[in-house]
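*Asks:* Predicted model and sequence follow; I will ask about them next.
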Amino acid sequence: MLSCWEMSEMGSDIIDHKLSFNSRMAVMMHIGMCRHCRRYIKQLSLTSEVLKSLPLPAQPQDIARVLAALEKEERN
């Protein structure tokens, strides 16, 4: 059976459906028994969906502006 650490290492491959059949079965078995990993994979999937839905800034100055706004938000 996979460990929680292995599950976290495979997170991106899990949500991107890039696993072999045997790996998928091992993940499903682990998720069936581990509520923490089930929650982690669900959160990772939701985060990925949200990020994919955001428009990408077109210009480097747009990226700098977004980063500055995020830093300002973190300070508040």
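*Replies:* Great, that's in hand.

*Asks:* max-length helix in this protein?
*Replies:* Assignment by DSSP state H gives helix 35-53 as the longest helix of the chain.

*Asks:* ok, then the element right after it?
*Replies:* helix 60-75 (DSSP states H and E).

*Asks:* ok so, going back, which of the residues in the longest helix of the chain are classified as buried?
*Replies:* Within helix 35-53, the residues scored as buried using 16 or more other C-beta atoms under 10 Å are 37, 40-41. From N, CA and C alone the C-beta is placed, and that goes for glycine too.

*Asks:* Flag the shaky bits of the chain, pLDDT-wise.
*Replies:* Scanning the chain with the threshold set as pLDDT under 70 gives 57-61.

*Asks:* In it, which residue is most central in space?
*Replies:* Centroid-nearest residue in the chain: L44, 3.1 Å away (criterion: C-alpha atoms, centre = their mean).

*Asks:* For that one, which non-adjacent residue is closest in space?
*Replies:* The shortest distance from L44 to any residue other than its chain neighbours is 5.0 Å, reached at G11 (C-beta to C-beta, 6 or more residues apart in numbering).

*Asks:* For M29, pull up the helix or strand it's in.
*Replies:* Per DSSP H and E, M29 falls inside helix 21-33.

*Asks:* Quick check: buried residues in stretch 8-18?
*Replies:* Quick answer for stretch 8-18 (16+ other C-beta under 10 Å): 10-11, 14-15.

*Asks:* Would you mind confirming that the residue nearest to the centre of the chain is in contact with M10?
*Replies:* No. With contact defined as C-beta atoms under 8 Å, L44 does not reach M10; the gap is 10.5 Å.

*Asks:* sorry, back to before: and the angle from the longest helix of the chain to helix 21-33?
*Replies:* Using axes from the mean of the first three to the mean of the last three C-alpha atoms, to 10 degrees, one finds that helix 35-53 and helix 21-33 are set 120 degrees apart in direction.
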